[in-house]
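Participant: Starting from these lines, generate the structure:
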Amino acid sequence: MTDKHVVVTGGCASLGAAIVQGWVDLGAKVSVLDKQPGVDTDDVHYYLCDVSCPDAVFRSIKQSYEKNHRIDALIVNAGEYLYSSIEATSPETLASIFAVNNFAAYYCVQAVAPYMKK
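Facilitator: Numbers count the residues shown, from 1 in each chain. Now for the predicted structure:
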């Protein structure tokens, strides 16, 4: 896997961090798209990115490709959770959660597709 490059969304904490470490352990280079900042290493580069924003996704994916010259896999792990009752949830909060949990996957796949075809 030493010549592989993987993009992971939501890779700064919890399951995402474990996914990133797993790919690094296999020898891959990993690009992480996350709203939380991370500390770059030789094998992992972090892109501060709100995956619910298509422009941010396309920019980060492009930068990731330019740095690594390939994208071999995409792991869409980013997600948001509802921490309140439905009665206390505003339409804006619901729209934000829906954007991250649904539209972000579409944006990410659309952004990486041209690079993965190369």
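
Participant: ranges for the strands of the chain?
Facilitator: 5-9, 29-34, 44-48, 73-76 (DSSP state E).

Participant: now the lengthiest helix in the chain against strand 5-9, angle please.
Facilitator: As assigned by DSSP state H, the longest helix anywhere in the chain is helix 54-68. If you take axes from the mean of the first three to the mean of the last three Cα atoms, to 10 degrees, helix 54-68 sits at 150 degrees to strand 5-9.

Participant: tell me how far helix 54-68 is from the chain's mean position?
Facilitator: The chain centre lies 10 Å from the centre of helix 54-68; the measure is Cα atoms, centre = their mean, to the nearest Å.

Participant: got it, and stretch 67-83?
Facilitator: Using Cα atoms, centre = their mean, the offset of stretch 67-83 from its chain centre is 3 Å.

Participant: most remote residue from this structure's center?
Facilitator: residue 87 (30.5 Å; Cα atoms, centre = their mean).

Participant: By mean pLDDT, flag the weakest helix or strand of the chain.
Facilitator: helix 91-98 (a mean of 93; mean pLDDT, DSSP states H and E).

Participant: Now that one: buried residues?
Facilitator: By 16 or more other Cβ atoms under 10 Å, the buried positions in helix 91-98 come out as residue 97. Backbone N, C-alpha and C define where each C-beta goes, glycine included.

Participant: Distance from it to the middle of the chain?
Facilitator: The answer for helix 91-98 is 19 Å, by Cα atoms, centre = their mean.

Participant: One more: stretch 97-109?
Facilitator: Worked out by Cα atoms, centre = their mean, stretch 97-109 lies 10 Å from the chain centre.

Participant: For residue 100, see how far away residue 88 is.
Facilitator: Remark: distance between residue 88 and residue 100 (Cβ to Cβ, to the nearest Å) = 19 Å.

Participant: ah, wrong one, I meant residue 59
Facilitator: From residue 59 over to residue 100 the distance is 17 Å, taken as Cβ to Cβ.

Participant: likewise residue 37?
Facilitator: Distance from residue 37 to residue 100, counting by Cβ to Cβ: 18 Å.
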